[in-house]
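In: Sequence first, then the predicted structure:
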Amino acid sequence: MITEDWLWRQVENLNLMVTRLLLGKDRAAYSLPEDTAAYGDTDRLCALVRACVKNGACETALELLDTAEERCDSGFAELALEAYSSMNALGNAALDECEVSRHDIERGIKRLAEERGFALWK
């Protein structure tokens, strides 16, 4: 239990630090347009990733984030950091059920930061 709590805190702190560095905010919260007809590619990706996390398909959400063509879009970092935080907030049993570890989430956060010029842990 102590190890899981420590891992949760490590990933959460990493996410908070990268959010602060990349976005200048305390929390990532991607904002979707109210009208789905106005959705762009990143908006559609956000809706899909949120649905995956909500429905326990975190492995699919991570795969979508890892392979997204929208990785260079301005809103992608906020979308990804929000998703990583949401996945990290899930309990260990929920993460085990969808075959995702906190290390997988951590890798996603680090990759995002590295792609944007912040490789602080090498």
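Out: Perfect, I can see it now.
In: Centroid-nearest residue for the chain?
Out: Nearest to the mean C-alpha position of the chain, by CA atoms, centre = their mean, lies Tyr84 at 2.5 Å.
In: wouldn't that residue be in contact with Arg111 here?
Out: No - with contact defined as CB atoms under 8 Å, Tyr84 and Arg111 do not form a contacting pair (10.4 Å). C-beta: built from backbone N, CA, C; applies to glycine.
In: For Asp43, see how far away the residue lying farthest from the centre of the chain is.
Out: The centre of the chain is farthest from one residue, Ala37, which by CA atoms, centre = their mean lies 24.5 Å away. Counting by CB to CB, to the nearest Å, the gap from Ala37 to Asp43 is 11 Å.
In: residues in contact with Glu97?
Out: Gly56 (CB atoms under 8 Å, 6 or more residues apart in numbering).
In: how near is it to Leu64?
Out: Taking CB to CB, one finds Glu97 at 18 Å from Leu64.
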